[in-house]
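Colleague: The amino acid sequence is not available; the structure is as follows:
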């Protein structure tokens, strides 16, 4: 999994390339936490290049959302149909802020 | 058996003892005691008296006290006691009977009276003992008969299979609920070769052990002939001839026998006097197979049975049953009936055969309410999906987390080769990731290398995924449900993976097979 980041409109936009699963989640979480420790508090996670996410990936998102509660923002964008279904089934679509596109998330 | 009876004489006066001994010693073995204490000792000894002649007036312990003590002791309470009293003694008869004596003799003693009384009481005691022994014997016999019936019932139930042939093209399930008395129902389902499935149900007339034995014979004969004969008419003809031989009890059996070619859907069947089965179509309409091919079996030998052929459509269900279903009665003695059965079959989804059969049995049970079940109830359901395996893949990985990626990559390639869409592909990837992660992380107590076997089978419309491991017994699908309505703070991180698997896959099953865990997932394509 490759994480590329850029700054837009005051948000740290992170693009996740590859799958977010058992193998790749620990490293991804580490990188995200590094940003939070540096003081970044507003994030957009763009999953356009992510094929699927297992529960390990969901855990990373949940952990991040809990960390930022009250102190920052976490927005999710560009989920494919399968990951959208995963979000619905798990109830994550009601507890995370999900947007269709990065542009919508940033506006 | 008729040993000489022993009589114990108790009196503090030696003269009185010798008088009684003299009168009785020809017929009985005599024992003597000069006091209450001695009497108790003699009565409790291993040489127990069969009757006690007890003086009332004695120093230390009087006769009443001795008698009371005798009756209180388990080992002496059944010995009959006759009080012997002198004419000039004040007699308290009620007290005597209260302490448990059975008779009185007054002195001076008339020899004839003494002999008669002693004889009578000894006989009475003997008869009472014999009655008790006879009663115990009868009870034992009854228990033995009941035990034998239970054993016969157990044999009946163990003869019918509880596991069923597994194949992609068919799903079979059956159950037999016996009545209190053995009724002689049976069913069977087995593969003759790798493309022929044999199904049958039957009902032996009569009840009890003979019916159970006949049922065992019929079922065994069918299986034996079916192994080399694909014509149900031919099988039935030969089975009938065998059953007629030596059928002294004149038992009969109704049979419905069918052989299904699971690749072509062709069904060959013979009905020997059995109630008509149904075919439930995919659109829930019912087709009654109302062809008869010969009489009830075991009645007449040299009968030639016929057969019919039909072809099942994909997603048809063949539904066999015995008349215990339609003739189940409620408290008002009304029958469950064909209409009710037909309604049930057209209303319920048949694809999950086990669930469907269980629901029907439940429905019948509820209908019967508190009325007792008078006949065996047998139901067999066979769902024909007509699907065969188009492609398959087997992957084995060592139990390390980094190997999950290997399984996923192998499966991705399989999906490409076999034109499986991205949606199902990714959902299965998620399931693999979560389930295998669980196995590797929590399944092993040692640090050894273990193999996890994953197999994929692609049918036309379905993908079957089987994961087998030798980790500790664990059913991932059991356990608390994940509450998805909680807020961020309240959400638990655990249990989410299984929740996703259950909801994204079309079916999830767990089985413990030998010493392995086996998870079977299916997803529609």
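Modeller: Cool, got the structure. Values in this document were obtained by computation on a predicted structure and should not be read as measured data.
Colleague: Going by C-alpha atoms from here, please, whenever you check contacts or count neighbours.
Modeller: Noted.
Colleague: after the least confident helix or strand in chain B by mean pLDDT, next one along is what?
Modeller: The helix or strand of chain B with the poorest confidence is helix B:93-98; it has a mean of 80 (mean pLDDT, DSSP states H and E). Counting by DSSP states H and E, the next helix or strand C-terminal to helix B:93-98 is strand B:103-107.
Colleague: For beta bridges, what are the partners of the residue nearest the centre of chain A?
Modeller: Nearest to the mean C-alpha position of chain A, counting by C-alpha atoms, centre = their mean, stands residue A:45 at 3.6 Å. Beta bridges link residue A:45 to residue A:14, residue A:76, judged by DSSP bridges.
Colleague: Show me what the strand or helix carrying residue B:173 is packed up against.
Modeller: Residue B:173 belongs to strand B:170-177 when assigned by DSSP H and E. Secondary-structure packing of strand B:170-177 (3 or more C-alpha pairs under 8 Å, 6 or more residues apart in numbering or on different chains; DSSP states H and E): strand B:185-193, helix B:353-368, strand B:377-384.
Colleague: Now with 7 Å, please.
Modeller: Judged by 3 or more C-alpha pairs under 7 Å, 6 or more residues apart in numbering or on different chains; DSSP states H and E, strand B:170-177 is in contact with helix B:353-368, strand B:377-384.
Colleague: Could you identify which of those is most buried?
Modeller: Among the helices and strands packed on strand B:170-177, ranked by average contacts under mean count of other C-alpha atoms under 10 Å in any protein chain shown, first place goes to strand B:377-384 (a mean of 24).
Colleague: So which other helices or strands are in contact with that strand?
Modeller: Under the contact criterion of 3+ C-alpha pairs under 7 Å, 6+ apart, strand B:377-384 touches strand B:170-177, strand B:316-321, helix B:323-326, helix B:353-368.
Colleague: right, so of those, which gets closest to residue A:66?
Modeller: Evaluated with C-alpha to C-alpha, these place helix B:353-368 nearest to residue A:66, the distance being 42.2 Å.
Colleague: Please see if stretch B:498-518 touches chain A.
Modeller: Yes: contact of stretch B:498-518 with chain A (C-alpha under 7 Å from any C-alpha of the partner chain) involves B:500, B:503.
Colleague: which other residues reach that stretch?
Modeller: Outside stretch B:498-518, the residues that touch it by C-alpha atoms under 7 Å, 6 or more residues apart in numbering or on different chains are A:86, A:89-90, B:427, B:431, B:466-471, B:473-475, B:477, B:482, B:519-524.
Colleague: quick one: buried residues of it?
Modeller: The neighbour-count check on stretch B:498-518 (16 or more other C-alpha atoms under 10 Å in any protein chain shown) flags B:498-502, B:504-505, B:508, B:510, B:516-518 as buried.
Colleague: Inside strands: which ones of these?
Modeller: In this view, those that belong to strands under DSSP state E are B:508, B:510, B:516-518.
Colleague: ok, those residues vs chain A, which is closest?
Modeller: Ranked by distance to chain A (C-alpha to the nearest C-alpha), these are led by residue B:508 at 16.0 Å.
Colleague: mind listing the helices for the chain?
Modeller: If you meant another chain, say so; for now it's chain A. Per DSSP state H, chain A carries helices over the ranges A:25-38, A:55-68, A:81-90, A:92-95, A:102-106.
Colleague: try again with chain B
Modeller: B:14-24, B:36-44, B:63-72, B:93-98, B:111-159, B:209-226, B:232-244, B:323-326, B:337-347, B:353-368, B:404-417, B:422-442, B:496-504.
Colleague: Averaging pLDDT over each of those, report the lowest-scoring one.
Modeller: In terms of mean pLDDT, the lowest-scoring of the helices of chain B is helix B:93-98 (a mean of 80).
Colleague: Please consider this matter closed, and thank you.
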